[in-house]
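1. starting from these lines, generate the structure:
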Amino acid sequence: MGAYAAAYERSISDPTRFWGLAARDIRWLVPPDRVLDDGAPPFYRWFTGGELNTCDNALDRHVDEGRGDQPALIYDSPVTGTVRTYTYRELTDLVARFAGALRAQGVDVGDRVVIYLPMIPEAVIAMLACARIGAVHSVVFGGFAARELAARIDHARPKAVVSASCGIEGARLVPYKPLLDEALELASHKVERCVIRQRPQLHADLVRPRDVEWDEAVARAEPADCVPVAATDPLYILYTSGTTGRPKGVVRDNGGHAVALRWSMENIYGVGPGDVFWAASDVGWVVGHSYIVYGPLLTGCTTVLYEGKPVGTPDAGAFWRVASQHRVKVLFAAPTAIRAVKKEDPNGALLSSYDLSGLDALFLAGERLDPDTYQWAADRLGRPVIDHWWQTESGWPMAANPRGLEPLPVKPGSPSVPVPGYDVRVLTPDGAPAPPGVDGDIVVRLPLPPGALTTLWQDDERFVESYLTRHPGYYLTGDGGHIDEDGYLWVMGRTDDVVNVAGHRLSTGAMEEVIAAHPAVAECAVIGVRDPLKGQVPRALVVLKSDADADGAVLRDQVVRMVREQIGPVAALKDVAVVRALPKTRSGKILRGAMRDIADGREAPVPATIEDPAVLDELRPVLRPRPAS
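-> Numbers count the residues shown, from 1 in each chain. As a prediction, the model looks like this:
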């Protein structure tokens, strides 16, 4: 039995022993008296009786153990021309001082703090400062619309909001303070204090006495020590992307979160203390929480905070420049970011300008990694390219190729195997186990491992209804796919990303995989639209590579033929449109649901997480229902 198989078997057969051993890598102020508290299913708790402080484990511990002069955080901002490195000692001091500033504003243990900041060091500092004093942070993506920010303020009911005068999106300046002021007017919950980081690019007007400048608050504050909290106390609330209407706030605890992320860094990503890890994401998303801030710092790594884009800041070589300059060992990005690079630099010419000898692997997650993008990256980087799959709710990977445990053969299109701790199954709609190779609902048998969501903020009933009801005893991921005879998981997309053509259920992911293999295609999306005869038919939208010289009609015929040959005539794909861009969330997910609504004649609200609303507006004439022939 290999190292992966042995670890996986132990984690499923004896999770208490498995995670009890993993917990030894965390500095406990009071050791837990129980590893797994399974007394009230479906609500499970990890490490009950234990006390710790997450900030202590992420910062102070490393200073105490002699790594105070090691770089902890590298801030790289091509949009401002800034690169700055903070050691563990420096970052600990800054966090302690801002924790004291929060306490001076009246923030105490258990209080919520909404953080509405761009990708600047203060975002990391504010998150860790909340953890230091036992406050619960809720990070809202910087620049979110005022109404959506107000909804989160009303739901979390924070004592304070931490924000900045502006963010910088490529070449565009985004004033944050007017959005925050409007949100505070709209919200019924009245926030007592706002701490504002004034950026040199734009000075914000303050509303006194509610608002205080960051520097002013820190200057008159006493540094705060770490406050012990229960392992089961909440560390943060994170609202799932695309939330409209009633917010859905995922709750992460302190103890299970620290143990799981610390374990994942070495066993999945293959990095340890002193290594440089870069998650090219945003602190507003779960990837930013887990793998910009907490995972690397809990492990004693150096983490990179990047305020820029994969292309345009200044070009499609931006990722390679950062990886080369900072000797990044593991880079974690979204497939859509790599597709953007591939579109602008299809031959990878810009790679030759940079020394990537320190790069061990590229990990990708957030959207399904199509085999063509995988192959493009693997061929040009000459490094392992690792697809892995997880969610806001899980907090860390559910399926991956565990490079730290045992690198496994790669199967392009699959995120490889279930991660230790996650008993991943595929069930048919009636709850029966699906045979190998047969698509169904991807679920995880309870209890979920440490680090996964414990509930939804202030809404246990909705937690059970949303995730634990369709298949009792299992967590419903909302994704569909299958497990093959080798035990590899294949995630074909959300369960609503299925086209039902004349009674045949076809995965849009499978069709996208075929289309993406066309040499002129940079990226694509397939949606199912209503059809009076067949119920639904697929419609493909295709974005071409920047150097592609393809005739639209010819490309359409080629794509239709490819899908017919590889999926079958039953796919009935005839509608292929070449478009400038696909609408996406700021985390890189393609908005298939919004496009499907428009195609079916429903004017659903534009998701708050959309990166560029103009892209969806451009597509409306392409997507709108066709008149019956």
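2. downstream of the helix or strand harbouring E513, the next helix or strand is which one?
-> Assigned by DSSP states H and E, E513 belongs to helix 508-516. With elements assigned by DSSP H and E, the helix or strand that comes after helix 508-516 is strand 521-531.
3. and that following strand with helix 508-516, angle?
-> 140 degrees (axes from the mean of the first three to the mean of the last three CA atoms, to 10 degrees).
4. so what's V521 bridging to?
-> Following DSSP bridges, V521 is listed with bridge partners L544.
5. residues touching it, list them.
-> Counting by CB atoms under 8 Å, 6 or more residues apart in numbering, V521 touches D372, I515, V542, V543, L544, K545, A548, V559. Bear in mind the C-beta positions are built from the backbone N, C-alpha and C, glycine included.
6. please tell me how far it sits from W19.
-> 44 Å (CB to CB, to the nearest Å).
7. can you give the domain ranges for this protein?
-> Using automatic domain parsing, the domain ranges for the chain come out as 3-308+388-481, 496-623.
8. hey, least reliable of those domains by pLDDT?
-> Least confident of the domains of the chain, judged by mean pLDDT, is domain 496-623 with a mean of 84.
9. how far does that one sit from the chain's center?
-> 23 Å (CA atoms, centre = their mean, to the nearest Å).
10. stretch 102-121 too?
-> Worked out by CA atoms, centre = their mean, stretch 102-121 lies 21 Å from the chain centre.
11. so what would you say the end-to-end distance of it is?
-> 16 Å (CA to CA, to the nearest Å).
12. what of stretch 238-247?
-> 10 Å.
13. that older thread, got the CA positions of the helix holding E513 in PDB?
-> C-alpha atoms of helix 508-516 as PDB (Å, rounded to 0.1, in the frame of the first residue of the first chain):
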ATOM      1  CA  THR A 508     -21.700  20.400 -20.400                       C
ATOM      2  CA  GLY A 509     -18.200  19.800 -19.000                       C
ATOM      3  CA  ALA A 510     -17.700  16.900 -21.300                       C
ATOM      4  CA  MET A 511     -18.700  19.000 -24.300                       C
ATOM      5  CA  GLU A 512     -16.500  21.900 -23.200                       C
ATOM      6  CA  GLU A 513     -13.600  19.500 -22.900                       C
ATOM      7  CA  VAL A 514     -14.000  18.500 -26.600                       C
ATOM      8  CA  ILE A 515     -14.400  22.100 -27.800                       C
ATOM      9  CA  ALA A 516     -11.400  23.400 -25.800                       C
END
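14. packing partners of it?
-> Helix 508-516 sits against helix 371-381, strand 489-494, strand 498-501, strand 521-531, strand 535-544, helix 552-566, with contacts defined as 3 or more CB pairs under 8 Å, 6 or more residues apart in numbering; DSSP states H and E.
15. got a list of contacts for the third one?
-> The reference is to strand 498-501. By CB under 8 Å, 6+ apart, the list of residues contacting strand 498-501 reads 480, 505-508, 511, 526-528, 534-538, 570-572.
16. just the buried ones from these?
-> 480, 506-508, 511, 526-528, 536-538, 571-572 (16 or more other CB atoms under 10 Å).
17. quick one: distance of the longest helix along the chain to the chain centre.
-> Longest helix in the chain by number of residues (criterion: DSSP state H): helix 88-104. Counting by CA atoms, centre = their mean, helix 88-104 is centred 26 Å from the centre of its parent chain.
18. from the chain's centre, how far out does stretch 425-437 sit?
-> 27 Å.
19. how far does it stretch from start to finish?
-> 12 Å.
20. at which residues are the strands of the stretch 1-150 of the chain located?
-> 36-40, 43-46, 51-52, 71-77, 82-87, 112-116, 136-139 (DSSP state E, counting those that start in this stretch).
21. reformat those strands as a markdown table; add mean neighbour count.
-> As requested, the strands of the stretch 1-150 of the chain are arranged in a markdown table below (neighbours: other CB atoms under 10 Å):
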| stretch | mean neighbour count |
| --- | --- |
| strand 36-40 | 14 |
| strand 43-46 | 22 |
| strand 51-52 | 22 |
| strand 71-77 | 21 |
| strand 82-87 | 15 |
| strand 112-116 | 26 |
| strand 136-139 | 26 |
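22. H189 is nearest to which of these?
-> Evaluated over the strands of the stretch 1-150 of the chain, closeness to H189 peaks at strand 112-116, with 10.0 Å, by CB to CB.
23. the closest one to helix 88-104, inter-axis angle?
-> 120 degrees.
24. hmm, who's touching strand 112-116?
-> Counting by CB under 8 Å, 6+ apart, 102, 107, 123, 126-127, 130, 135-140, 142, 144, 149, 152-153, 156-164, 176, 180, 191, 237, 283 sit against strand 112-116.
25. try 7 Å
-> Strand 112-116 has contacts (CB atoms under 7 Å, 6 or more residues apart in numbering) with 102, 107, 123, 126-127, 130, 135-140, 142, 149, 152-153, 156-163, 176, 180, 237.
26. how near is A525 to D76?
-> 31 Å.
27. drop anything exposed from the contacts of V521.
-> For the contacts of V521, buried by 16+ other CB under 10 Å: D372, I515, V542, V543, L544, K545, A548, V559.
28. need the contact list for the closest residue to P449 other than its chain neighbours.
-> Distances taken as CB to CB, 6 or more residues apart in numbering place G421 nearest to P449, at 3.1 Å, with adjacent residues excluded. The contact partners of G421, taken as CB under 7 Å, 6+ apart, are S11, P15, P449.
29. is it fair to say P415 lies in a strand?
-> No. Counting by DSSP: H, G, I helix; E, B strand; the rest coil, P415 is not found in a strand; it is coil.
30. who touches it in this structure?
-> Neighbours of P415 in contact, by CB under 7 Å, 6+ apart: D387, H388, W389, A399, A400, L489, V491.
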